[in-house]
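1. okay, structure incoming, though there's no sequence with it:
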Ligand SMILES: CC(=O)CC(=O)SCCNC(=O)CCNC(=O)[C@H](O)C(C)(C)COP(=O)(O)OP(=O)(O)OC[C@H]1O[C@@H](n2cnc3c(N)ncnc32)[C@H](O)[C@@H]1OP(=O)(O)O
Ligand SMILES: NC(=O)C1=CN([C@@H]2O[C@H](COP(=O)(O)OP(=O)(O)OC[C@H]3O[C@@H](n4cnc5c(N)ncnc54)[C@H](OP(=O)(O)O)[C@@H]3O)[C@@H](O)[C@H]2O)C=CC1
């Protein structure tokens, strides 16, 4: 199977890595060579770590040998499945899917790793809504079990079955849900992270204490502010905006502090500064 991934950021890189670990031939595309180089370096580091722990069936070199890195979208022409993992912005994703619908072979399946954006709207933009689906991996992809599989209004049974089986071949556990803003994962997770940010703004406690309370008191593996920094505060804000707009309820209003931090360029781990310094 030929597996395409668009975006060599934290999610795209992880998806491409796990696809190659599973034996698929993988093409990764990003807009600039420097993003591809950075993505490849992250994959190499992750593979080295997994190899050291005896968790790979092939060597990192063999796995990397199945991967091709390119800035050319035409490289997706003969892909059986293309998963998009670019910025969480509906307009930008829709533009990309409009192009991909023209490039990828007619029986190829297109999928979005979006955290929250309506799958049905992206499916319409692609011009092949029956062969379009949400395939939502969790961060960090090499370590997390779940793939949320989201059917759009016109997604065919064959497409859903193919993507479910592909997720299983990647060693993941696919779980199905319907096309509502934020699906299940982020409808439940993101308001909690937003509330933790609101607690910082209102001075309820220091960030370390908020995270410590949720880790020690609720057995969460990461505190909510550490997790928001890890996901990216820009992505968290984009998801809250989709929830707020899409569900029309003020309980999903993004915290003003979250908005302000994104405006200031404090995006969390990826920019070196968020609630913590990296
Ligand atoms: C926003 C969305 O749309 C949806 C989302 O994805 S929301 C985010 C969902 N993800 C989460 O909630 C993650 C919550 N965090 C966790 O589950 C855990 O902290 C974790 C699995 C990330 C890390 O596990 P951990 O037990 O806390 O410990 P940690 O010691 O940091 O890491 C375990 C090992 O994995 C390694 N590791 C971390 N990331 C890795 C990666 N990408 N590849 C390979 N190895 C990795 C670490 O280096 C570490 O190795 P050592 O044991 O040799 O030191
Ligand atoms: N972060 C997370 O925890 C999770 C995120 N997601 C979703 O995955 C997607 C990607 O998120 P994430 O990996 O964190 O983001 P990143 O910012 O790490 O990576 C996005 C990558 O896509 C590139 N890109 C932007 N626009 C285009 C384009 N038009 N064509 C090709 N590449 C492009 C970016 O380049 P540039 O740097 O120039 O913008 C960047 O390299 C989002 O939809 C997000 O909601 C899903 C699950 C978890």
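-> On my side now, so go ahead. In this text the structure is predicted, and so the values were computed from the model without any measurement. Ligands and ions are numbered 1, 2, ... in the order given.
2. name the nearest residue to whatever residue of the stretch 151-278 of the chain ends up closest to ligand 2, ignoring sequence neighbours.
-> The stretch 151-278 of the chain approaches ligand 2 most closely through residue 231 (3.7 Å), counting by CB to the nearest ligand atom. Any C-beta I mention is one placed from the backbone N, CA and C, and that applies to glycine too. Nearest residue to residue 231 in three dimensions, chain neighbours excluded: residue 139, at 6.3 Å (CB to CB, 6 or more residues apart in numbering).
3. quick check: that neighbour touching residue 232?
-> No - the criterion here is CB atoms under 8 Å, and residue 139 misses it with residue 232 at 9.1 Å.
4. residues shared between the contacts of the two?
-> residue 10 (CB atoms under 8 Å, 6 or more residues apart in numbering).
5. more neighbours, these two?
-> residue 232 (23 against 16; other CB atoms under 10 Å).
6. so that one touches residue 269, yeah?
-> Yes - assessed by CB under 8 Å, residue 232 is found in contact with residue 269 at 7.4 Å.
7. so what's residue 215 up against?
-> Shown in contact with residue 215 (CB under 8 Å, 6+ apart): 221-223.
8. show me the residues you listed that map onto strands.
-> Per DSSP state E, strands hold no members of these.
9. residues of this protein that sit close to ligand 1?
-> Residues of the chain lying close to ligand 1 by CB under 6 Å from any ligand atom are 46, 49-50, 115, 138-140, 142-144, 185-186, 189, 221-222, 227, 231.
10. got any ranges where this structure has weak pLDDT?
-> For the chain, applying pLDDT under 70 flags no range at all.
11. what are the boundaries of the helices in it?
-> Counting by DSSP state H, the segments of the chain that form helices are 10-21, 33-52, 60-65, 90-103, 119-126, 157-169, 185-201, 207-218, 224-231, 233-247, 256-263.
12. which elements pack onto the second one?
-> Right, helix 33-52. Judged by 3 or more CB pairs under 8 Å, 6 or more residues apart in numbering; DSSP states H and E, helix 33-52 is in contact with helix 10-21, helix 60-65, strand 67-70.
13. and the longest one, what does it pack against?
-> Under the contact criterion of 3+ CB pairs under 8 Å, 6+ apart, helix 10-21 touches strand 2-6, strand 25-29, helix 33-52, helix 60-65, strand 132-137.
14. list the buried residues in the longest one.
-> So the one you mean is helix 33-52. Residues 35-36, 39-40, 42-43, 46-47, 50 are the ones in helix 33-52 that count as buried (16 or more other CB atoms under 10 Å).
15. can I get those residues in TSV including distance to residue 108?
-> Shown next, in TSV, are the buried residues of helix 33-52 (distance: CB to CB, whole Å):
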residue	distance to residue 108
35	24
36	22
39	22
40	24
42	27
43	23
46	27
47	27
50	29
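16. wait, which of those residues is closest to residue 207?
-> Distance to residue 207 across the buried residues of helix 33-52 (CB to CB) is lowest for residue 42, with 25.7 Å.
17. I'd guessed that closest one sits against residue 16; true?
-> No - counting by CB under 8 Å, residue 42 sits too far from residue 16 to count as a contact (10.3 Å).
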